[in-house]
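1. Attaching a predicted model along with its sequence, questions to come.
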Amino acid sequence: MSQREQSDESASIYDMWTRRHYLVATVGVAALSGCGGTGDGTETTEPPTDTDTEPPTDTEPPTETANGDEDRPAGVSEEEFVNGPVPDVYLSATSLANEQRDPENLNAQADVAFSDYEAALENEAHQPGRCCANCGDFIPDKNGDEFGACAEVEGYIDGAAWCTIYESLPEPAVPEGMDEADLATADVPEEYRTADSQVGVTRDPDELLSQEDVQVMESVDAIADEVARPGQSCGNCSQYIPDKNGDGWGACAKVEGYVATEDWCAIWEQVSAQL
Ligand code: SF4
Ligand code: SF4
């Protein structure tokens, strides 16, 4: 898809999106061509294209599993990849919705029809746009191998996969005293102003992009409408600053306003890139 086509498609989807009543995007992704460099030398993810969907390869031969046509991390057997154990850092980690993983109480991938996104589209229980990256049970990558884990399912989990016990992330309530329409441009609470993202990118409140310019929207909608690729959400973006005050909202090191774990924008960058 050309950048121009991407921009037009994104704008029409933006028209339909009303959760926070943003203005219709008139700038679009094309105007963001300067946003790939975010001022700190980090490389950000360009909007989805048809040509950059392949994950980096390593020396292991490609192995097709329910995670998709992905390479396993180096040194991980197929048995381990599917059934675990996952690396120690995930064993009892907490998920995007703060569910703690219990390694003694997990579902086998086969028992929950775990599959890649393409296969999930054929499952009548699947709803468009839903994938592990916007599931409350997902534990994003913690060791840079591009796979995460799940609080409910065994083995290595790709953000673009899906299973039948998918759980939507709870949508945070509008904070008291605020108007929903203001969330996109509101000053974030003090604890977020110069906070570090989940991989240590420091937020500079004077160097932020507007949510309108980067087309912040819910990741389920963005993926369903093919604006974003499966596996992309703020929850597994390197710029995301998770909730610090218990109101369910987070913030972003590069984008102004309130941001939720299940959101997405055009400068999404896989958290693995900076681990
Ligand atoms: S959809 Fe959710 S519950 Fe299922 S494997 Fe993915 S993260 Fe786990
Ligand atoms: S955290 Fe969300 S809003 Fe911020 S850059 Fe990443 S995808 Fe965009």
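-> Everything's here; your move. Numbering: from 1, shown residues only. Ligands and ions are numbered 1, 2, ... in the order given.
2. drop to CA atoms for contacts and neighbour counts, all remaining ones
-> Noted.
3. which residues are in contact with stretch 248-259?
-> Where contact means Cα atoms under 8 Å, 6 or more residues apart in numbering, the residues beyond stretch 248-259 that reach it are 38, 171-173, 183-188, 192, 195-197, 201-205, 207-211, 214, 234, 239-244, 260-261.
4. So is that stretch next to ligand 2?
-> Yes. Stretch 248-259 comes into contact with ligand 2 (Cα under 6 Å from any ligand atom), by way of 252, 254-255.
5. Tell me the residues on this protein that lie near ligand 2, please.
-> So far as Cα under 6 Å from any ligand atom goes, the chain lies against ligand 2 at 216, 233-234, 237, 239-240, 252, 254-255, 263-265, 267-268.
6. which of those lies closest to ligand 1?
-> residue 233 (12.5 Å; Cα to the nearest ligand atom).
7. so what's the backbone phi/psi at residue 119?
-> Dihedral pair for residue 119: phi -70, psi -40, per degrees, to the nearest 10.
8. ok, back up a step: ok, of the contacts of stretch 248-259, which come out buried?
-> 183-184, 188, 192, 195-197, 201-205, 209, 211, 214, 234, 239-243, 260-261 (16 or more other Cα atoms under 10 Å).
9. Let me see the contact set for the residue sitting nearest the centre point of the chain.
-> Compute the mean C-alpha point of the chain, and by Cα atoms, centre = their mean the closest residue is residue 233, 2.0 Å away. Applying Cα under 8 Å, 6+ apart to residue 233 gives the contacts 133-134, 219, 261-265, 268.
10. do residue 117 as well
-> 68, 131, 160-162, 230.
11. and with 6 Å instead?
-> 160-161 (Cα atoms under 6 Å, 6 or more residues apart in numbering).
12. Quick check: it vs residue 221, distance?
-> Using Cα to Cα, to the nearest Å, one gets 15 Å for the distance from residue 117 to residue 221.
13. And residue 184, by the same measure?
-> According to Cα to Cα, residue 184 stands 17 Å off from residue 221.
14. Kindly report the same for residue 250.
-> Residue 250 is 19 Å from residue 221, by Cα to Cα.
15. between these two, who's got more neighbours?
-> residue 250 (24 against 19; other Cα atoms under 10 Å).
16. Tell me what that one is bridged to.
-> residue 259 (DSSP bridges).
17. Check residue 138 too.
-> Bridge pairing for residue 138 - DSSP bridges - gives residue 150.
18. ok, now which ones touch it?
-> 95-96, 132, 150.
19. helix or strand for the residue lying farthest from the centre of the chain, which one?
-> Computed with Cα atoms, centre = their mean, the residue of the chain farthest from its C-alpha average is residue 177, at 28.6 Å. Under the criterion DSSP states H and E, no helix or strand holds residue 177.
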